[in-house]
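In: Sequence and computational prediction follow.
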Amino acid sequence: MKTRLMRIYIVILFLGIGALGLRAGTVNVCADCPVKTIKEGIRQAQAGDVVLIGSGLYAEGNIVVDKPLTLRGVNYPVIDGQLTEEAFTITADSVTIEGLKIQNSGHNQLKDLAAIRVQRTKGYIIRSNILLNSYFGIYLEYAGAGEVYGNTIIGQAVTEANAGNAIHAWYVQGVNISHNFLKGHRDGIYLEFVTHSFIHDNHSTGNVRYGLHYMFSNDDAYYCNTFDHNGAGVAVMFSKRIVMTDNYFEHNWGRASYGLLLKEITDADIARNAFVSNTVGIMLEGASRIRYQNNQFKSNGWAVQVTGGCEDNNFIANNFLSNALDLVINGRLNSNTFDGNYWSEYNGYDLDRDGRGDVPHRPVKLFSYIISQSPESIILLRSFFVDLLNFSEKVSPALTPDNVLDNMPLMEEAQWAVGSRR
């Protein structure tokens with residue numbers, strides 16, 4: 001009986017979709033058309049129609065899409081908000097906006113104006129648009145499942161206080177954000193109270209604060225993204241069960257800059273990421289029960305910095321290559337494990353040839369403790385005096401945690417597919 005009802009339901013569903021397709025029409029908007037403005041095109045369109053916007057300049061703003069429509073640009077028509085208005089506000093389900101060039105939407109720190117705002121809807125698709133010089137690029141609020149795909153969003157942010165985010169999601173569930181290029185905003189992507197969402201294949205670069213920023217968001221995943229030349233790469237704060245895999249964190253430099261900042265998060269997986277030439281590869285603060293596996297830390301200032309409240313983290317099969325300092329742990333207590341990693345500074349031996357060193361590696365150096373107390377001492381990093389200090393601490397630990405050891409250091413780099421897309 002259930003099978004028969006399911007078949008009837010599927011037939012009705014496809015008939016309904018087919019009927020909607022038959023009803024769908026096209027409203028043409030252009031300078032030489034009977035309909036010359038986008039607002040008028042939306043007013044005349046019926047639910048399910050395509051509003052086809054011809055090339056040219058449309059000095060329009062406050063365009064409200066209040067019915068299920070597809071707004072499609074031809075040769076990237078320009079919608080100019082003249083720095084005073086929000087360009088598009090979507091208030092209906094199942095709206096698609098694609099192929100538009102939207103520029104100069106309003107800049108207002110009190111109203112959080114955006115080029116495209118999605119408001120309490122689902123089924124939205126924002127695809128292949130170019131957004132220039134907007135305060136917020138795409139703003140999702142109280143939204144359900146939808147897609148933000150293949151957009152180029154470039155701002156002119158100089159300071160955090162006078163800039164919005166390229167993609168901003170607030171109380172959103174099930175959004176898929178992928179293949180976007182994001183530059184010149186406060187954060188490339190900002191997520192607050194966002195759940196069951198996927199962030200992948202984006203390039204976030206040159207943003208003032210973070211390339212990607214999570215706040216109070218659970219059960220999400222981000223993967224195959226590149227975060228470079230931002231104030232810091234990614235910050236994940238006050239969140240749970242975030243999967244972070246196959247990302248690049250590169251050239252995020254500054255006095256307080258990180259490839260990845262983890263603050264008050266638990267139960268996460270961090271795998272197959274590359275941290276290259278960052279001030280700090282990963283900074284942990286109040287981060288617990290996280291598995292770090294098959295990551296590569298190369299040419300960073302600090303590869304991993306662990307501060308207070310970090311417990312039961314496991315580092316497995318990671319490569320630590322030519323970092324100024326591989327590991328910094330503040331405090332003597334430690335419940336984290338570091339067994340089975342490759343350390344380019346390890347100088348032990350493998351007599352039984354099982355691929356693992358026969359003597360443990362101590363990755364925390366005395367000089368890292370000195371730097372944490374007196375940052376100016378960094379100028380002595382490559383001196384003979386520092387080498388002598390580190391050797392003496394290695395022989396007889398007094399100030400560094402004596403149980404921070406890799407008991408099975410790898411003799412060769414761990415191999416996996418990180419970097420395969422470059």
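Out: Happy to help now that I have it. Numbering: from 1, shown residues only.
In: Doesn't Ile42 lie inside a strand?
Out: No - read with DSSP: H, G, I helix; E, B strand; the rest coil, Ile42 is helix and lies in no strand.
In: Let me know the pLDDT of it.
Out: Reading off the confidence values, Ile42 has pLDDT 98.
In: residues in contact with it?
Out: Residues near Ile42 by CB atoms under 8 Å, 6 or more residues apart in numbering: Val51, Ile63, Val64, Val65, Asp66, Lys67, Leu69, Leu71. C-beta here means a position set from N, CA and C on the backbone, and glycine is covered the same way.
In: among the residues you listed, who's most crowded?
Out: The residue in the contacts of Ile42 with the most neighbours, by other CB atoms under 10 Å, is Leu71 (27 neighbours).
In: Hmm, Ala92 and that one touching each other?
Out: No - with contact defined as CB atoms under 8 Å, Leu71 does not count as touching Ala92 (11.7 Å).
In: what's the overlap in contacts for the two?
Out: With CB under 8 Å, 6+ apart as the test, Leu71 and Ala92 both reach Val65.
In: The closest residue to Met408 other than its chain neighbours: neighbour count?
Out: Distances taken as CB to CB, 6 or more residues apart in numbering place Arg356 nearest to Met408, at 4.5 Å, with adjacent residues excluded. Arg356 has 16 neighbours, counted by other CB under 10 Å.
In: quick one: Arg356 and Asn294, what's the gap?
Out: 16 Å (CB to CB, to the nearest Å).
In: Now do the contacts for the nearest residue to Tyr124 once chain neighbours are set aside.
Out: Leaving aside its sequence neighbours, Tyr124 sits nearest to Gly146 (CB to CB, 6+ apart; 3.9 Å). Neighbour list for Gly146: Val118, Thr121, Lys122, Gly123, Tyr124, Ile125, Ile126, Leu140, Gly174, Val175, Asn176 [criterion: CB under 8 Å, 6+ apart].
In: and if you look at Asp406?
Out: Phe338, Asp339, Gly340, Asn341, Trp343, Tyr346, Pro360, His361, Pro363 are the contacts of Asp406 under CB under 8 Å, 6+ apart.
In: Among those, which ones are in helices?
Out: Judged by DSSP state H, helices contain none of the contacts of Asp406.
In: By neighbour count, which of those wins?
Out: Highest count within the contacts of Asp406 by other CB under 10 Å belongs to Phe338, 29 neighbours.
In: Please look at that residue and Met408 and confirm they touch.
Out: No - contact criterion CB under 8 Å: Phe338 and Met408 do not qualify, at 9.7 Å.
In: Do you know the pLDDT at the most centrally placed residue in the chain?
Out: Nearest to the geometric centre of the chain sits Leu212, at 3.5 Å (CA atoms, centre = their mean). Among the per-residue scores, Leu212 holds a pLDDT of 98.
In: what sits up against stretch 183-191?
Out: So stretch 183-191 is contacted by 137, 153-157, 160, 163-169, 172, 177, 182, 197, 199, 202, 204-215, 217, 220, 227, 230 (CB under 8 Å, 6+ apart).
In: Mark which of the residues you listed are buried, thanks.
Out: Neighbour-count burial (16 or more other CB atoms under 10 Å) applied to the contacts of stretch 183-191 gives 137, 153-155, 157, 163-169, 172, 177, 182, 197, 199, 202, 204-215, 217, 220, 227, 230.
In: These in strands, which ones?
Out: Among the buried ones among the contacts of stretch 183-191, the members falling in strands (DSSP state E) are 137, 153-154, 167-169, 172, 177, 182, 199, 204-205, 210-215, 220, 227.
In: who's Asn176 bridged to?
Out: Taking DSSP bridges as the rule, Asn176 bridges to Glu147, Phe198.
In: Just confirm Cys310 contacts Ala287, I think it does.
Out: Yes - look at Cys310 against Ala287 with CB under 8 Å: they come within range, at 5.2 Å.
In: out of those two, which sits in the busier spot?
Out: Counted by other CB under 10 Å, Cys310 and Ala287 do not tie: Ala287 has more neighbours, with 26 against 22.
In: residues in contact with the more buried one?
Out: Ala287 neighbours (CB under 8 Å, 6+ apart): Leu262, Lys263, Glu264, Ile265, Thr266, Ala268, Gly309, Cys310, Asn313.
In: Of these - the most surrounded one?
Out: Busiest of the contacts of Ala287 [other CB under 10 Å] is Leu262, holding 28 neighbours.
In: Please verify my assumption that Tyr142 contacts Gln173.
Out: No - applying CB under 8 Å as the test, Tyr142 and Gln173 come out as separate, 9.5 Å apart.
In: Looking at the two, which has the bigger crowd around it?
Out: More neighbours surround Gln173 than the other of Tyr142 and Gln173, with 17 against 13 (other CB under 10 Å).
In: Roughly how far does the nearest residue in space to that one that is not next to it in sequence sit from Tyr142?
Out: With sequence-adjacent residues excluded and distances taken as CB to CB, 6+ apart, Gln173 is closest to Thr195, at 5.2 Å. Going from Thr195 to Tyr142 by CB to CB gives 13 Å.
In: Asp354 - how many residues pack around it?
Out: Asp354: 10 neighbours (other CB under 10 Å).
In: Contacts only, for Gly404.
Out: You called it Gly, but residue 404 is Val. Per CB under 8 Å, 6+ apart, neighbours of Val404: Leu327, Ile329, Asn334, Asn336, Phe338, Arg362, Pro363, Val364.
In: Sorry, slip of the keys, the one I care about is Asp350.
Out: So Asp350 contacts Arg356, Gly357, Asp358, Met411 (CB under 8 Å, 6+ apart).
In: One more: Val35?
Out: Val27, Asn28, Val29, Gly41, Gln44.
In: For Met283, state which of the contacts of Gly146 is nearest.
Out: Val175 (26.8 Å; CB to CB).
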